[in-house]
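K.L.:
The following block contains a protein sequence and its predicted model.
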Amino acid sequence: AAVGVSAAVLAFGQRANGDRFRAASYDMGQAVVVNFLYTLAIKEAVRRPRPDGSDNLAFPSGHASNAFACATVWAEQYGWKGAVPGYLAASFVAGSRLALKKHRLSDVVGGATLGIIVGNSVVRWDRKPSSKPIPEKLKVTLGPATALDGSGLGLRVDVVF
């Protein structure tokens, strides 16, 4: 899912008019790929069992690391206007992994830490400051959401800029 969303954002970013959005979409795509490789390597090296016993790939949480890597990219590119919805969404992703008993708190914290490090590293590596100001008409809305099959209850974050 993360690869699909990243590819869609990257494709949209390449056609968008804004330099900042284009840079953020490129950084997000890079962050997902780099984060995936680091997460997979660490999971294979540690081989920690999941709380539900499904496999031995619990540490670090890949969902949390990807979510926080993407949130960090948006925070670096858009400041607090990208940080608030990004880290809020990443926190919900991380919390869902705990609620589903797929990870322990240390797995999620480790994943979030890895994601933040990767996100910061990718943005620093590609840093091209934009001379254009952030649009003042940023709109963030929160609302209820369910899975595609109608199960569960979650939070939807819409960001329009």
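P.N.:
Nice, thanks for sending it over.
K.L.:
and Gln77, how many neighbours?
P.N.:
23 (other CB atoms under 10 Å). For glycine as for every other residue, the C-beta is placed from the backbone atoms N, C-alpha and C.
K.L.:
got a list of what the closest residue to Ala24 other than its chain neighbours touches?
P.N.:
In this structure, Ala24 finds its nearest non-sequential neighbour in Gln77, 4.0 Å apart by CB to CB, 6 or more residues apart in numbering. Residues near Gln77 by CB atoms under 8 Å, 6 or more residues apart in numbering: Arg20, Ala23, Ala24, Asp27, Val123.
K.L.:
Going along the chain, name the strands of this protein.
P.N.:
Using DSSP state E, the strands found in the chain span residues 139-145, 154-160.
K.L.:
mean pLDDT for the ones you listed: which is lowest?
P.N.:
Of all the strands of the chain, mean pLDDT reaches its minimum on strand 154-160 (a mean of 70).
K.L.:
elements contacting the top helix by length along the chain?
P.N.:
Ranked by number of residues, the top helix in the chain under DSSP state H is helix 19-46. On a contact count with 3 or more CB pairs under 8 Å, 6 or more residues apart in numbering; DSSP states H and E, helix 19-46 meets helix 2-15, helix 62-78, helix 105-125.
K.L.:
pLDDT (mean, whole number) over it?
P.N.:
87.
K.L.:
Next, the angle helix 62-78 makes with that helix.
P.N.:
Taking axes from the mean of the first three to the mean of the last three CA atoms, to 10 degrees, one finds that helix 19-46 is oriented at 150 degrees with respect to helix 62-78.
K.L.:
Identify each buried residue in helix 19-46, please.
P.N.:
20-32, 34-36, 38-39, 42-43 (16 or more other CB atoms under 10 Å).
K.L.:
And the contacts of Gln77, which is closest to Ser106?
P.N.:
Val123 (26.1 Å; CB to CB).
K.L.:
Could you find the closest non-adjacent residue to the closest one?
P.N.:
Glu76 (4.1 Å).
K.L.:
How about Asn120?
P.N.:
Closest to Asn120 by CB to CB, 6+ apart is Thr72, at 5.8 Å.
K.L.:
list the contacts for that neighbour?
P.N.:
Thr72 sits next to Ala31, Gly86, Gly115, Ile116, Val118, Gly119, Asn120, Val123 when contact means CB under 8 Å, 6+ apart.
K.L.:
Can you select the buried ones from these in ChimeraX?
P.N.:
One line in ChimeraX is enough to select the buried ones among the contacts of Thr72; burial here means 16+ other CB under 10 Å:
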select :31,86,115,116,118,119,120,123
